[in-house]
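A.B. asks: Okay, sequence plus prediction incoming.
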Amino acid sequence: MSGYAAGAGKPPAQEPASQTGSAQEPKQQPKSDSKEKVASLTGCVDEKEGRYILIDGRSLSPIADLEADGFPTEGFAKHLGHTVTVRGTSNSAGARPTFKVRSIETVRESCGPGQ
């Protein structure tokens with residue numbers, strides 16, 4: 001008698017691979033628009049050449065042009081000279097990014113480095 005273990009004699013019968021079992025799942029592409037990304041910016045609202053812009057409160061350098069999205073552009077007027085956080089989408093095409101503002105929240109009712 002030989003010392004074979006039960007079931008170790010023959011390899012199990014192989015069944016053909018099913019087409020559905022071997023197919024790769026399609027990968028879902030994340031929805032992202034390379035031109036516009038939802039973001040928030042904080043800075044001071046100013047007006048230059050008839051346009052509202054967001055400036056850095058310390059250096060006073062422009063951060064982005066502001067464009068109203070869902071409210072009248074005149075809505076920025078009540079925030080002039082205030083430090084705000086704006087939320088929306090940014091489009092970096094051009095000399096300075098254009099930020100389409102969906103919401104605006106006052107952080108401080110003043111701007112400047114001495115805060």
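C.D. replies: The structure has been received and is ready for your questions.

A.B. asks: How are the helices of this structure distributed by residue range?
C.D. replies: 19-22 (DSSP state H).

A.B. asks: what residue ranges in it score low on pLDDT?
C.D. replies: 1-37, 113-115 (pLDDT under 70).

A.B. asks: try 50
C.D. replies: 2, 4-5, 7, 16-34, 115 (pLDDT under 50).

A.B. asks: With just CA atoms, put stretch 39-50 into PDB.
C.D. replies: Output of stretch 39-50 as PDB, limited to C-alpha atoms (Å, rounded to 0.1, in the frame of the first residue of the first chain):
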ATOM      1  CA  ALA A  39     -13.400  76.200  -3.500                       C
ATOM      2  CA  SER A  40     -13.400  79.000  -1.000                       C
ATOM      3  CA  LEU A  41     -11.200  82.000  -0.700                       C
ATOM      4  CA  THR A  42     -10.800  84.600   2.100                       C
ATOM      5  CA  GLY A  43      -9.800  88.200   1.500                       C
ATOM      6  CA  CYS A  44     -11.000  91.700   1.200                       C
ATOM      7  CA  VAL A  45     -13.600  92.900  -1.200                       C
ATOM      8  CA  ASP A  46     -12.500  95.900  -3.300                       C
ATOM      9  CA  GLU A  47     -13.600  97.500  -6.500                       C
ATOM     10  CA  LYS A  48     -11.200  98.300  -9.400                       C
ATOM     11  CA  GLU A  49     -12.200  99.600 -12.800                       C
ATOM     12  CA  GLY A  50     -15.900  98.900 -12.200                       C
END
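
A.B. asks: What residues sit buried inside that stretch?
C.D. replies: Across stretch 39-50, burial judged by 16 or more other Cβ atoms under 10 Å covers 41, 43-46. Backbone N, C-alpha and C define where each C-beta goes, glycine included.
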